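1. please find the sequence and the predicted model below.
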Amino acid sequence: MRCDIGADEFVLVTPGTLQFSAATYSVGEAGPTATITVTRTGGSDGVVGASYATVAGGTATGGAVCGGAVDYANTSGTVSFGDGVTTPQTFTIPSNGTATGGAACTAGVDYINTSGTLTFANGVSSQTFNVTICDDAVVEGNETINYTLTNATGGATIGSPSSAVQTIVDNDVAAGAFSVNDVKVTEGNAGPVNAIFTVTYTGGAAASVSFATANRTATVGTDYATNSGTLNFPALSELGGSSTQTVTVVVNGDTNKEPNETFYLNLSGATGGATISDNQGVGTIVDEDRAYVNDFDDDLKSDFSVFRPSDQIWYILPSASGVPSLTSFGLATDRPTPGDYDGDGKTDIAFYRASNSAWHILKSSTSTVAVWIVGQVGDKPVQGDYNGDGTTDMAIFRPSNGLWSAFFVADGSSTSQLFGISTDRPVQGDYDGDGKTDPAVYRDGTWYVLRSSDSSVGIQNWGTATDKPVSGDFGGDGQTDLAIYRNGQWWVLDSLTGASSVVAWGLATDIAVPADYDGDGTTDVAIFRPSDGDWYVLRSSTLTIQGIHWGLNGDFPIPAGNLPQ
């Protein structure tokens, strides 16, 4: 720009270009102010100026007063450079944390809204303005403020960058939370096995938490080794981040035939303002010495199998080899009563003949047949391990008088107990987790259990009169859970947590065949579809589906031989 100074002489005047000193800035939430610099380049002649302002578009919220939800005070004005001024001019903006602009730092405001004019005197090359930042205790993450530079005066122009972004770095740390997972390990026959729990810390500040093991059905010193201590976690720099540490509990292997057992890993005493969202991990010790339901090859998995009344043949598909096994055994009217009667870990082919109360057992250990008369005409077979020795006992329920009677082959002794009425359905199982089968009945939606551990009676309403009881160890903790099958839905009441679950699996005309098909120590939801001979299993280990064609219409699925009649 030229200026006429008379006498036909001109002086070249260069007002310069005004712009932010940077495109981005950063300030801690504690502030108390953010100082922004505007520079004048390409000349410093004359007095020039420009307007500045905080504008919408950032993640921070501007306001009139800092406090509550305001992160900074809205700021605007004009930047003026005097003649010859080229030094940077600054403006300042006050900060809080959710980056909400306002006239003051009040609730919801992150900074004070700011605007105005910066004036550059002749020769001045920079100016600054300040923005008030509002500090608070809200955990909100980093937020941003947008600035603009407009309306240059005195012949100056607006250069680049003409806009800038201010980041407010949050200085608040979230209160952390601790949790612990559940663990399942196979016991083994000798030596230690490690049950490794994962403790997760989610949050912010440095914190610690104490842990200690405790008995449930497993016994410290015998089944597992005690462990206790404290875990220290450093502060987490990332909002919402998490870190983990592990706790190892040594499990003792043995060859005892026993149910799955459980123990606890309890969390307590959190420090650093942290809370505990899940204070209890459950350790499940899966026993591989006892016989599994419908496991004909002793691989700890239930096998697909049917009895065909039309030809009196047992069709078994062993899960280990996949080679079909066909055995002719029984009459069309016999009731399959599978179980490990000889204690070799394999399910024996067996049936109960109602016409003469005879039990016919094909022992897998010797391939010989044993026949016993246990009960009388009209009785229902309720085989199970009533003395806890790891073998299946022959037992009956007599509807006429509610008599339960079990016969123990090992020593020829027997036991009897009155429990139930004529219309009850027997639902025997190990409901208290002591390794012994408990007498139990289902009566119009109510379960009555005679616990072998303390001879007490448990009563629980779970189901309706028309439901089909399908109890099993769906939690894998060694205790039988109450469960019913209703028009294709499974309703399960977990014995460990008391929580209920509903799974849609099957049709009203399907036959429930719950068993452990994937060998994880937990009963799987499964059905046999008589119309086409198909099996559908929902594996508890992976929640994946297994389907197989094994059987014909009219076949009796062997796992159903363990369910009420």
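-> Yep, it's here.
2. T446 against G458, yeah?
-> No - using Cβ atoms under 8 Å, T446 is not in contact with G458, being 10.7 Å away. Heads up, the C-betas are built off the backbone N, CA and C, glycines and all.
3. so which helix or strand takes in the closest residue to S355 other than its chain neighbours?
-> Among residues not flanking S355 along the chain, V377 sits closest, at 7.0 Å (Cβ to Cβ, 6 or more residues apart in numbering). Following DSSP states H and E, there is no helix or strand that holds V377.
4. ok, now which ones touch V377?
-> By Cβ atoms under 8 Å, 6 or more residues apart in numbering, the contact set of V377 is A354, S355, N356, S357.
5. could you find the closest non-adjacent residue to the most centrally placed residue in the chain?
-> For the chain, the residue nearest the mean C-alpha position is N181 (8.0 Å; Cα atoms, centre = their mean). Nearest residue to N181 in three dimensions, chain neighbours excluded: T198, at 5.0 Å (Cβ to Cβ, 6+ apart).
6. could you dump the helix or strand hosting the one you found to PDB, C-alpha only?
-> Counting by DSSP H and E, the element that carries T198 is strand 192-202. Extracted in PDB, the C-alpha atoms of strand 192-202 (Å, rounded to 0.1, in the frame of the first residue of the first chain):
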ATOM      1  CA  PRO A 192      -1.400 -79.800  41.100                       C
ATOM      2  CA  VAL A 193      -3.600 -78.000  38.500                       C
ATOM      3  CA  ASN A 194      -3.700 -74.200  38.400                       C
ATOM      4  CA  ALA A 195      -7.000 -72.400  38.500                       C
ATOM      5  CA  ILE A 196      -6.200 -68.900  37.200                       C
ATOM      6  CA  PHE A 197      -8.600 -66.100  38.000                       C
ATOM      7  CA  THR A 198      -8.500 -62.700  36.300                       C
ATOM      8  CA  VAL A 199      -9.100 -59.600  38.300                       C
ATOM      9  CA  THR A 200     -10.000 -56.600  36.100                       C
ATOM     10  CA  TYR A 201      -9.700 -53.000  37.200                       C
ATOM     11  CA  THR A 202     -11.600 -50.500  35.100                       C
END
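7. Provide the strand pairings for it, with the direction of each partner.
-> Strand 192-202 sits in its sheet next to strand 177-180 (antiparallel), strand 242-252 (antiparallel), going by DSSP bridges.
8. highest average neighbour count across these?
-> Greatest average neighbour count among the strands paired with strand 192-202 goes to strand 177-180 (a mean of 22), per mean count of other Cβ atoms under 10 Å.
9. only C-alpha atoms, please: export it in PDB.
-> C-alpha atoms of strand 177-180 as PDB (Å, rounded to 0.1, in the frame of the first residue of the first chain):
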ATOM      1  CA  ALA A 177     -14.100 -50.700  39.800                       C
ATOM      2  CA  PHE A 178     -12.900 -54.200  40.400                       C
ATOM      3  CA  SER A 179     -14.300 -57.500  39.200                       C
ATOM      4  CA  VAL A 180     -13.300 -61.100  39.000                       C
END
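10. before we move on, back to that, measure the residue nearest to S355 to S367 for me?
-> Distance of V377 to S367, computed by Cβ to Cβ, to the nearest Å: 30 Å.
11. now do the contacts for S416.
-> Here S416 is in contact with L403, W404, S405, A406 (criterion: Cβ under 8 Å, 6+ apart).
12. one more pass at 7 Å, please.
-> L403, W404, S405 (Cβ atoms under 7 Å, 6 or more residues apart in numbering).
13. who touches I484 in this structure?
-> By Cβ under 7 Å, 6+ apart, the contact set of I484 is W462, G463, D467, K468, P469, V470, W491.
14. tabulate those (JSON lines), appending distance to A190 and secondary structure.
-> Below are these laid out as JSON lines (distance: Cβ to Cβ, whole Å; DSSP: H, G, I helix; E, B strand; the rest coil):
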{"residue": "W462", "distance to A190": "40", "secondary structure": "coil"}
{"residue": "G463", "distance to A190": "43", "secondary structure": "coil"}
{"residue": "D467", "distance to A190": "44", "secondary structure": "coil"}
{"residue": "K468", "distance to A190": "42", "secondary structure": "strand"}
{"residue": "P469", "distance to A190": "38", "secondary structure": "strand"}
{"residue": "V470", "distance to A190": "36", "secondary structure": "coil"}
{"residue": "W491", "distance to A190": "40", "secondary structure": "strand"}
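15. among those residues, which one lies nearest to G420?
-> Among the contacts of I484, P469 lies closest to G420 (Cβ to Cβ), at 13.2 Å.
16. my guess is that closest one contacts P426. True?
-> No - the criterion here is Cβ atoms under 7 Å, and P469 misses it with P426 at 9.3 Å.
17. the two: who's more crowded?
-> Using other Cβ atoms under 10 Å as the criterion, P469 and P426 rank with P426 on top: 26 against 22.
18. grab the nearest non-local neighbour of the more buried one.
-> P426's closest residue in space is F397 (Cβ to Cβ, 6+ apart), at 4.1 Å.
19. one step back: could you identify the most distant pair in the contacts of I484?
-> W462 and K468 (12.4 Å).
20. any chance of the contacts of I484 in CSV with distance to G506 as columns?
-> Putting these into CSV (distance: Cβ to Cβ, whole Å) gives the following:
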residue, distance to G506
W462, 19
G463, 16
D467, 13
K468, 11
P469, 15
V470, 10
W491, 13
